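A.B. asks: Got a predicted structure here, sequence first:
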Amino acid sequence: MWLRGCLRACSLLLFGATLPALGTAPEATRVPRELLVRALRAEQGYDRRATANQSRLQTRTLLRLAREAGTAAPLLLVDYADWFQAYLTALDLSAHEAPLSVRLSHEHQYDILIDARPGAVVAQAKPGEAPSQALNVLWRSRRKTPSYS
């Protein structure tokens with residue numbers, strides 16, 4: 001069910017919508033660590049620790065955070081250290097037990113910027129086909145690391 005919704009949103013973004021030009025963004029609201037833990041723990045019904053489910057866990061958590069913030073905070077910042085510690089807490093793991101992708105994001109200090117501003121994510125969609133939720137997600141390294149893979 002969740003995959004069908006993601007595919008519909010992606011197809012609307014790719015085929016039925018016009019992406020706006022990038023502009024200057026307002027100040028982002030930092031997501032508190034406790035809220036990250038709660039959002040990660042809310043994901044149930046699959047093995048959150050399995051490497052194959054890491055993208056699913058992260059995507060659904062970011063969608064949940066943006067949905068809960070609503071229009072009050074359409075631009076969110078997830079601090080790299082907060083994400084790492086929240087991940088460990090929510091999944092009851094030690095640092096060395098975390099998946100490689102999570103450890104590397106922490107090591108290279110990748111913050112996550114979530115942009116859910118309607119006009120900044122989707123400028124125009126076909127009538128009646130606007131996505132229920134759309135995000136631009138940017139991972140940016142404080143170390144200016146271009147890539148770690």
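C.D. replies: Noted; the coordinates are in hand. Not measured: the values here are computed from a predicted model.
A.B. asks: Neighbours of Gly128, how many?
C.D. replies: Gly128 has 6 neighbours, counted by other CB atoms under 10 Å. (Glycine included, C-beta is placed from N, CA and C.)
A.B. asks: In a helix, it, correct?
C.D. replies: No: per DSSP: H, G, I helix; E, B strand; the rest coil, Gly128 lies outside any helix segment and is coil.
A.B. asks: Next one: it from Leu135, what distance?
C.D. replies: The gap separating Gly128 from Leu135 is 21 Å, by CB to CB, to the nearest Å.
A.B. asks: so Arg140 touches His108, yeah?
C.D. replies: No: applying CB atoms under 8 Å, one finds Arg140 not in contact with His108, separated by 10.4 Å.
A.B. asks: and the two? which has more neighbours close in?
C.D. replies: Neighbour totals were compared for Arg140 and His108, and His108 leads with 17 against 14 (other CB under 10 Å).
A.B. asks: The residue nearest the centre of the chain and Tyr80: what is the separation?
C.D. replies: In the chain, the C-alpha nearest the mean C-alpha coordinate belongs to Leu62, at 3.3 Å (CA atoms, centre = their mean). Between Leu62 and Tyr80 the distance is 14 Å, computed by CB to CB.
A.B. asks: just Leu35 next, same as before
C.D. replies: Using CB to CB, Leu35 is found at 16 Å from Tyr80.
A.B. asks: same thing with Ala125?
C.D. replies: Going from Ala125 to Tyr80 by CB to CB gives 33 Å.
A.B. asks: Settle it for me: which of the two has more neighbours?
C.D. replies: Per other CB under 10 Å, whichever of Ala125 and Tyr80 has more neighbours is Tyr80, with 20 against 15.
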